[in-house]
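Trainee: missing the sequence, but the structure's below:
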DNA sequence: TAATTACTCTATTAAGTCGATAGACTTAAT
DNA sequence: ATTAAGTCTATCGACTTAATAGAGTAATTA
């Protein structure tokens, strides 16, 4: 399950990706635009900043900016910071491996076999999708539909 | 995240798939073999029975049996019963759809776009994998390694 | 039909996580 | 000096998870 935390984070990051290069954006601004509880968003952005995904500027005229280019921030990076490992089970996690207490032989564990497949599939998607990719795809979706209106 | 509940369930089901056609298996037997807390396993198997995935027989000589052939029980079925929808977010769930309260336009939500991809990928894996498949693959893995011992 | 075996059901509990809020503090620009 | 903005710590209630306990019910078998 994607937590609200990560969902809010991704929405905020997409906003910041759109504004990239145009100076800092206010927390309140993002919160209002995306319907995110303001105080909660503060915590989230702070955490992302502490992991280098965001930069901030204090005081008047301050706000948040992406820590690197939109094409260099991947969904996987964000989810790992906020929700922990992507793997459905610790025994198939690359970033936080832990064996199952009750498992007698990991090599022949059927559950592990399937979960490994799931982990690999989701990690492939999430690590291949950058903020830049998302912006492009959203714009395509937004323009795609209305375009049909004109194509009589 | 896969819960312990579902992990235990799948392990139990794999045992039952191996014993399929050879009469009922005791809860205690499964619990001992797989290192699962016995009382907890009772609840799990009962829930699976109430959803038709398992059958049971009471009294002496009783125990649990699969409700249908191992090839007809898929991992996705089990996880949906015990852990709920597979989708990482309700707005991309087929079995339990719900829109996000704060989302202004679902059609152009970037988060949803990515999560839909993840949902489809995991559902494809989990709904394509049956207990029978798992047994085959585990046996392959188990025989594969030792076989190398003989191949000097 | 009594004894035994084994599943069934309802409660309970401790621990942990999640979403959200509050308020005091720090920094920077004007 | 004032104001605008991010930073930090604490706290809260609601919910979920993993696990345990114990009384109840059904079906064999002797």
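Mentor: Thanks, I have the structure now. What you see is a predicted model; the values in this text were computed from it and never measured. Numbering: from 1, shown residues only, chains lettered A, B, ... in the order given.
Trainee: and the residue in chain A that DNA strand C sits nearest to, how many neighbours?
Mentor: Using Cβ to the nearest atom of the strand, the closest approach of chain A to DNA strand C is made by residue A:59 at 2.8 Å. (C-beta placed from N, C-alpha, C; glycine too.) By the criterion of other Cβ atoms under 10 Å in any protein chain shown, residue A:59 has 5 neighbours.
Trainee: quick one, phi/psi of it?
Mentor: phi 70, psi -180 (degrees, to the nearest 10).
Trainee: and the helices in chain A?
Mentor: A:4-18, A:27-34, A:38-50, A:75-83, A:110-128, A:131-150 (DSSP state H).
Trainee: Serialize those helices to CSV and add fields for distance to residue B:7, mean neighbour count and mean pLDDT.
Mentor: Output for the helices of chain A, formatted as CSV (distance: least, Cβ to Cβ, whole Å; neighbours: other Cβ atoms under 10 Å in any protein chain shown; pLDDT from 0 to 100):
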stretch, distance to residue B:7, mean neighbour count, mean pLDDT
helix A:4-18, 23, 22, 98
helix A:27-34, 35, 16, 97
helix A:38-50, 29, 16, 98
helix A:75-83, 19, 20, 98
helix A:110-128, 6, 20, 98
helix A:131-150, 32, 14, 79
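Trainee: from residue A:29, how far out is residue A:19?
Mentor: Distance of residue A:19 to residue A:29, given as Cβ to Cβ, to the nearest Å: 9 Å.
Trainee: ugh, typo on my part, it should be residue A:95
Mentor: Counting by Cβ to Cβ - residue A:95 and residue A:29 are separated by 33 Å.
Trainee: do residue A:13 as well
Mentor: Counting by Cβ to Cβ, the gap from residue A:13 to residue A:29 is 14 Å.
Trainee: around DNA strand D, pick out the residues from chain A.
Mentor: Residues of chain A that fall close to DNA strand D, judged by Cβ under 7 Å from any atom of the strand: A:24, A:26-28, A:39, A:42-43, A:45-46, A:49-50, A:56-64.
Trainee: get me the contact residues on chain A for DNA strand C.
Mentor: Within chain A, the residues that sit near DNA strand C (Cβ under 7 Å from any atom of the strand) are A:3-5, A:8, A:37, A:39-40, A:42-43, A:57-62, A:83.
Trainee: farthest-apart pair in these, please.
Mentor: Based on Cβ to Cβ, the longest span within the residues of chain A next to DNA strand C runs between A:60 and A:83 and measures 33.8 Å.
Trainee: isn't residue A:66 up against residue A:12?
Mentor: No - the pair residue A:66 / residue A:12 is not scored as a contact, 10.4 Å apart, by Cβ atoms under 8 Å.
Trainee: residues in contact with stretch A:26-39?
Mentor: Identification of contacts with stretch A:26-39 by Cβ atoms under 8 Å, 6 or more residues apart in numbering or on different chains yields A:8, A:11-12, A:15-16, A:41-42, A:45, A:62-64, B:101-104.
Trainee: which two among those are spaced furthest apart?
Mentor: Largest separation among the contacts of stretch A:26-39 by Cβ to Cβ: A:62 and B:101, giving 29.3 Å.
Trainee: who has more neighbours, those two?
Mentor: Neighbour count, other Cβ under 10 Å: between residue A:62 and residue B:101, residue A:62 has more, with 14 against 7.
Trainee: so who does the closest residue to the more buried one other than its chain neighbours touch?
Mentor: In space, and not counting its chain neighbours, residue A:62 is closest to residue A:24: 5.8 Å by Cβ to Cβ, 6 or more residues apart in numbering or on different chains. For residue A:24, the contacting residues are A:56, A:57, A:61, A:62, A:63, A:64, A:65, by Cβ under 8 Å, 6+ apart.
Trainee: which of those residues has the weakest pLDDT?
Mentor: The member of these with the lowest pLDDT is residue A:61, at 91.
Trainee: give me every residue in chain A lying close to chain B.
Mentor: Contacts of chain A with chain B, taken as Cβ under 8 Å from any Cβ of the partner chain, map to A:1-2, A:7, A:10-11, A:14, A:34-36, A:75, A:88-89, A:100-104, A:107-111, A:113-115, A:117-118, A:121-122, A:125-126, A:129, A:134-135, A:137-138, A:141-142, A:145.
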